[in-house]
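Visitor: Generate a structure from the sequence data that follows.
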Amino acid sequence: MSAVVEQALALWGLSGARYALVAARENALYRVTANGVSHALRLHRKGYRSDQELWSELELMSAVARGGIQVPDPIPSTSGRMLHVIDGIQVDVLTWLQGGTVAEALARATGAERVAIFRQVGCRMARMHDVTDAWPLPGGFMRCAWDRAGLLGDAPLWDRFWANPALDDKDRALFLAFRDRANTVLEQSQDSLDYGLIHADLVSLNMMVDEGQVRFIDFDDSGFGFRIFDIATALFKHSSEPDYTALQSALLDGYASVRPLDLAALDLFLALRAATYVGWNITRLAEDGAAARNDRFICEARRLARNYLSRSQQS
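Guide: Numbering: from 1, shown residues only. Purely as a prediction, here's the structure:
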């Protein structure tokens, strides 16, 4: 992979810069340092996104950055292009954001500090949605859609959660019942839900904190979707924490201080977010630790789907 990195550095006029691999999750991320300035070099996994989709992601990030939201800003190569393909690998370079993750900040924060972080997350998220609403899409813009089909259709973006091979008959029946009910509710209400460009993966590892300022990273799964899906994503993995109620209130208050917010579908989208992880893990079951992760995902989705169906039947 070092040969690809070296060729990429040359394309961006960074030959001879120091670089180190800092993350190898969905993409390989390198920190590149030249003349005391750091950049983020991304090598994208093959086959996940087309060149057009990645160009669109970079255009979106650039628009969000211009709108005053602190996100990694794409840096053009010396030829003026934001995306290159080297030996079949798509590569781009972004500005490097300082700071630690929100997950790290929450781990060492007091109760009041945790609440303040979540309020700021809500404010930033709402501002990002404002910016993308005002942005005229460039010709050829193409990103995935976290719409009803993308969440519940025959081929969801993150796979068929109801077909996870670890499900027993009882859980499979529960998830199919939840899918049917969620599909019906969304079909009836989707036109009234706030819909537009979203990040779609605002978990605490994809948000940074530096000098008290929250910043968003990793727009890999960004696309069109329901704005409440962004909210559910930011809340979901904290739902079992003792101060969850305070964290949820802070995020929602922060969001509502910037733009209107309809919370009627929040329980549904928390359950949908949980279900997507059950689908996402299907193709990763051979990884180390995947079985335990799968059990955790199924347990959380079971709890939220069951609770949603129970409340839905009572209303």
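
Visitor: With residue 307 as the reference, measure out to the residue nearest to residue 239 when sequence neighbours are not counted.
Guide: Leaving aside its sequence neighbours, residue 239 sits nearest to residue 270 (Cβ to Cβ, 6 or more residues apart in numbering; 7.0 Å). Where C-beta positions appear, they are placed from N, C-alpha and C, glycine not excepted. To residue 307, residue 270 is 9 Å away according to Cβ to Cβ, to the nearest Å.

Visitor: who's more crowded, these two?
Guide: The neighbour count for residue 270 versus residue 307, taken as other Cβ atoms under 10 Å, is higher for residue 270 (24 against 13).

Visitor: in which helix or strand would I find that one?
Guide: helix 266-280 (DSSP states H and E).

Visitor: That helix - what's its average pLDDT?
Guide: The average pLDDT for helix 266-280 rounds to 98.

Visitor: Beyond that helix, next helix or strand please.
Guide: Next element after helix 266-280 (DSSP H and E): helix 290-314.

Visitor: by contact count, what packs against that following helix?
Guide: helix 169-189, helix 266-280 (3 or more Cβ pairs under 8 Å, 6 or more residues apart in numbering; DSSP states H and E).

Visitor: So which of those helices is nearest residue 231?
Guide: Judged by Cβ to Cβ, the one of those that comes nearest to residue 231 is helix 266-280, at 7.0 Å.

Visitor: Any buried residues in the closest one, and which?
Guide: Using 16 or more other Cβ atoms under 10 Å as the test for burial, helix 266-280 gives 266, 268-280.

Visitor: Next: stretch 47-63.
Guide: 49, 53, 54, 55, 56, 57, 58, 59, 60, 61, 62, 63.

Visitor: doesn't residue 237 make contact with the residue nearest to residue 239?
Guide: No. With contact defined as Cβ atoms under 8 Å, residue 270 does not count as touching residue 237 (10.6 Å).

Visitor: On the three-state scheme, the most centrally placed residue in the chain is what?
Guide: In the chain, the residue lying closest to the centroid (Cα atoms, centre = their mean) is residue 201, at 1.2 Å. Three-state call for residue 201 (DSSP: H, G, I helix; E, B strand; the rest coil): coil.

Visitor: tell me the contacts of it?
Guide: Taking Cβ atoms under 8 Å, 6 or more residues apart in numbering, we find residue 201 in contact with 218, 220, 221, 222, 233.

Visitor: Show me those residues that map onto helices.
Guide: residue 233 (DSSP state H).

Visitor: Show me which pair in the contacts of residue 201 is furthest apart.
Guide: Spatially, the most separated pair among these is 220 and 233, at 13.2 Å (Cβ to Cβ).

Visitor: okay, these two: which has more neighbours?
Guide: Counted by other Cβ under 10 Å, residue 220 and residue 233 do not tie: residue 233 has more neighbours, with 25 against 19.

Visitor: And the closest residue to residue 138 other than its chain neighbours, what's its pLDDT?
Guide: Ranked by Cβ to Cβ, 6+ apart and with sequence neighbours excluded, the top spatial neighbour of residue 138 is residue 59, at 5.7 Å. Looking at residue 59, its pLDDT is 98.

Visitor: can you check residue 217 too?
Guide: For residue 217, pLDDT reads 96.

Visitor: my read: it touches residue 207, true?
Guide: Yes. Using Cβ under 8 Å, residue 217 makes contact with residue 207 at a distance of 7.2 Å.

Visitor: quick one, which of the two is more surrounded?
Guide: Between residue 217 and residue 207, counting by other Cβ under 10 Å, residue 207 is the more crowded of the two (25 against 22).

Visitor: For the more buried one, list the residues it contacts.
Guide: 101, 102, 121, 214, 215, 216, 217, 234.

Visitor: Ramachandran coordinates for the second one?
Guide: Yep, that's residue 102 we're talking about. Residue 102 adopts backbone torsions of phi -60, psi -30, taken as degrees, to the nearest 10.

Visitor: ok, it - how many residues close by?
Guide: 26.

Visitor: what are the ranges of the helices in the stretch 51-200 of the chain?
Guide: 51-66, 102-108, 111-134, 148-152, 169-189 (DSSP state H, counting those that start in this stretch).

Visitor: CSV please, covering these and showing distance to residue 96.
Guide: As requested, the helices of the stretch 51-200 of the chain are exported to CSV (distance: least, Cβ to Cβ, whole Å):
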stretch, distance to residue 96
helix 51-66, 13
helix 102-108, 17
helix 111-134, 19
helix 148-152, 31
helix 169-189, 39
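
Visitor: For residue 256, find the nearest of the ones you listed.
Guide: helix 111-134 (7.7 Å).

Visitor: buried residues in that closest one?
Guide: Those would be 114-129, 131-132, for helix 111-134 by 16+ other Cβ under 10 Å.

Visitor: Same question for stretch 247-257.
Guide: Buried, per 16+ other Cβ under 10 Å, within stretch 247-257: 247, 248, 250, 251, 252, 254, 255.

Visitor: Any regions of the stretch 201-315 of the chain where pLDDT drops low?
Guide: Along the stretch 201-315 of the chain, the model assigns pLDDT under 70 to residues 314-315.
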